[in-house]
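**Student:** sequence first, then the predicted structure:
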Amino acid sequence: MPTARPASARAGGRAAQAAFGGAVGRGGRRIAVALAVGAFAAAWAWAAHALWRSSVPAGLNPPHLHASRYFSASFLSRSSSFERFQDIDGLLATLTLLGVLSLYARRGHRLMGESAAGRIGTGMLLGMLGFALVWLAEFPFGLAAVWWQRRHHISHQGYVTWALDSFLSLGASFLFVSLALLVAMGLAGVLRRWWWAVAAPAFVGLALLSTFLSIYLIPNVGPLRNRAIAADVAALARAEDVPGTKVVVQKVARYTTAPNAESVGFGPTRRVILWDTLLNGRFSRKQVDFVAAHELGHIAHHHQLKRVGWLALFLIPASALIALLTRRRGGLARPEAVPVALLVYVALQLAALPLWNVVSRREETEADWSALKATREPATGRALFERLATTSLDDPAPPAWSYVLYADHPTLMQRIAIVEAFARRPADYNPRSR
């Protein structure tokens, strides 16, 4: 017959079992979290690999070219000086931005007072106030950039007009911040620490909608009235397998002399937008065609959608980090956490900017390659890039730090090198087929 165990022994056994069960439970949770993080990292890496693919040949090996072969010493000096001022001005603006947001993150919650706007309303007010302070802090640097561009005849926008446009853009920022905080704080009030898992996909969906509707948000856009160029673009669109893509003109000549173009939208809203500064006689018809072919290349390779994909890869971990770093203020469910969230988000954006530039430069190179294959005009591409430099005072070979921090396009020398590499590949370029 077994001997009965004392009550103290039974209690000790139950405590030991509970402790063992708790340890096993904690260990199981750690394993589950580790597996979830590993699965997310693998999915993230797979998505990044898929987005990174490019149609540019892997073994292209473009030649190393010296800017002095294509540009005069006086132009190289002027363009270098012009870009240097803008780069330093931008760097000072960024440091000021981080300083203002850091101070606001520490003390901004004190401005809540006795707000009667409620939890989310107070958070939205703090978000808008933060962006207003940033706008005020960056205003002098923006004004300096306008002065510099006017001095070099790149811009002839008036200071008052620029200030008004800048102020109106602040309203758009307020709208964006309010919507983002409404979504994030609303979800945080329900899901607490896990709000980011739902908010990040919601923000990606909004970005996709914005991309689709972007053509309707761009001002001063009208039809292309040059029938010859319109016919050329239609033929190029068929060659790049995006037939029916519409081309329009944006009127910017009253503000700037710089030439530019862009591609926007997807599906039925896809458009190529040419600035009217490209169509004022400074560029030949073939050069304008090459610009249009470049923008069609963006559309053909779905770069607009890919950028939404890259944004998703940024937003998911960024939102999780914001959720983590705002816990000391009660999480994003509390308005006190909003100033901290603004600082973290902007800091993450700035930290990711060099990586985004790498992605953007890769897409621009692919669009250049697509334009070369569609036009089979390397001489035109070379002349275009030289002309773009002289009309925009763009430094063909900027310093490395400026290139890493600010260059979302390849340098003009890199773009000319791609042209030279294309011309040396008989499989891609056959002059007699033009």
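**Tutor:** That came in fine, so what should we check first?
**Student:** okay, now Pro223: neighbour count?
**Tutor:** Each residue near Pro223 was counted by other CB atoms under 10 Å, and the total is 10. C-beta: built from backbone N, CA, C; applies to glycine.
**Student:** let me see the contact set for it.
**Tutor:** Val248, Val249 (CB atoms under 8 Å, 6 or more residues apart in numbering).
**Student:** again with the one 4 residues further on
**Tutor:** The contact partners of Arg227, taken as CB under 8 Å, 6+ apart, number zero.
**Student:** following whichever helix or strand Val272 is part of, which helix or strand comes up?
**Tutor:** In this structure, Val272 sits in strand 271-275 according to DSSP states H and E. Counting by DSSP H and E, the next helix or strand C-terminal to strand 271-275 is helix 285-300.
**Student:** and the helix or strand that that next one is followed by, what does it pack onto?
**Tutor:** Moving toward the C-terminus from helix 285-300, the next helix or strand (DSSP H and E) is helix 303-325. Contacting helix 303-325 under the criterion 3 or more CB pairs under 8 Å, 6 or more residues apart in numbering; DSSP states H and E are the following elements: helix 7-52, helix 195-213, strand 261-264, helix 338-375.
**Student:** average pLDDT across the first one?
**Tutor:** Spelled out, it's helix 7-52. Averaged over helix 7-52, pLDDT sits at 71.
**Student:** just give me the neighbour total for the closest residue to Ala320 other than its chain neighbours.
**Tutor:** Excluding the flanking residues, the one nearest Ala320 by CB to CB, 6 or more residues apart in numbering is Trp196, at 5.0 Å. Trp196 has 24 neighbouring residues, counting by other CB under 10 Å.
**Student:** can you check the one 10 residues further on too?
**Tutor:** Applying other CB under 10 Å, we find 14 residues neighbouring Leu206.
**Student:** residues touching it, list them.
**Tutor:** Counted by CB under 8 Å, 6+ apart, Leu206 has contacts Leu179.
**Student:** please redo it, this time with the cut-off set to 10 Å
**Tutor:** Phe176, Leu179, Ala180, Val183 (CB atoms under 10 Å, 6 or more residues apart in numbering).
**Student:** keep only those of those residues that are in helices.
**Tutor:** In helices, defined here by DSSP state H, the members of the contacts of Leu206 are Phe176, Leu179, Ala180, Val183.
**Student:** tell me the contacts of the second one?
**Tutor:** Leu179 is in contact with Met124, Phe203, Leu206, counting by CB under 10 Å, 6+ apart.
**Student:** out of the contacts of Leu206, which are buried?
**Tutor:** Buried subset of the contacts of Leu206 (neighbour count, 16 or more other CB atoms under 10 Å): Ala180, Val183.
**Student:** helix, strand, or coil at Ser402?
**Tutor:** Classification of Ser402 using DSSP: H, G, I helix; E, B strand; the rest coil returns helix.
**Student:** that older thread, adding pLDDT and distance to Ala231, write the contacts of Leu179 out as TSV.
**Tutor:** Below are the contacts of Leu179 laid out as TSV (pLDDT from 0 to 100; distance: CB to CB, whole Å):
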residue	pLDDT	distance to Ala231
Met124	90	50
Phe203	94	41
Leu206	92	37
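**Student:** partners of the strand holding Val272, with directions?
**Tutor:** Applying DSSP bridges to the sheet, strand 271-275 is found paired with strand 246-250 (parallel), strand 261-264 (antiparallel).
**Student:** and the angle from it to helix 285-300?
**Tutor:** 140 degrees (axes from the mean of the first three to the mean of the last three CA atoms, to 10 degrees).
**Student:** what's the average pLDDT for strand 271-275?
**Tutor:** For strand 271-275, the mean pLDDT works out to 97.
**Student:** contacting residues around it?
**Tutor:** 214-215, 218, 220-221, 224, 226, 229, 233, 236-237, 242, 245-253, 256, 258-265, 288, 291-296, 298-299.
**Student:** of those, buried ones?
**Tutor:** Looks like the contacts of strand 271-275 have 214-215, 224, 226, 229, 233, 236-237, 242, 245-247, 249-250, 252, 256, 258-259, 261, 263-265, 288, 291-296, 298-299 buried, using 16+ other CB under 10 Å.
**Student:** list the contacts of Tyr159.
**Tutor:** Tyr159 neighbours (CB under 10 Å, 6+ apart): Leu143, Val146, Trp147, Arg150.
**Student:** no no, Ser319
**Tutor:** Contacts of Ser319 (CB under 10 Å, 6+ apart): 184, 195-203, 332, 341, 344-345, 348.
**Student:** can you do 8 Å?
**Tutor:** Contacts of Ser319 by CB under 8 Å, 6+ apart are Ala184, Trp196, Ala199, Ala200, Phe203.
**Student:** please name the nearest non-neighbouring residue to it.
**Tutor:** In space, and not counting its chain neighbours, Ser319 is closest to Trp196: 3.5 Å by CB to CB, 6+ apart.
**Student:** mind checking how far the one you found is from Leu332?
**Tutor:** 8 Å (CB to CB, to the nearest Å).
**Student:** what sits in contact with each of these two?
**Tutor:** Shared contacts of Trp196 and Leu332, defined by CB under 8 Å, 6+ apart, are found at Ala184, Ile322, Ala323.
**Student:** and for the first one, the neighbour number?
**Tutor:** Neighbour count for Ala184, taken as other CB under 10 Å: 29.
**Student:** let me know the secondary structure of the residue nearest to Thr391 when sequence neighbours are not counted.
**Tutor:** Leaving aside its chain neighbours, Thr391 sits nearest to Pro259 (5.8 Å; criterion: CB to CB, 6+ apart). Secondary structure, three-state DSSP: Pro259 is coil.
**Student:** Arg361 touches Asp408, doesn't it?
**Tutor:** Yes: contact criterion CB atoms under 8 Å: Arg361 and Asp408 qualify, at 6.7 Å.
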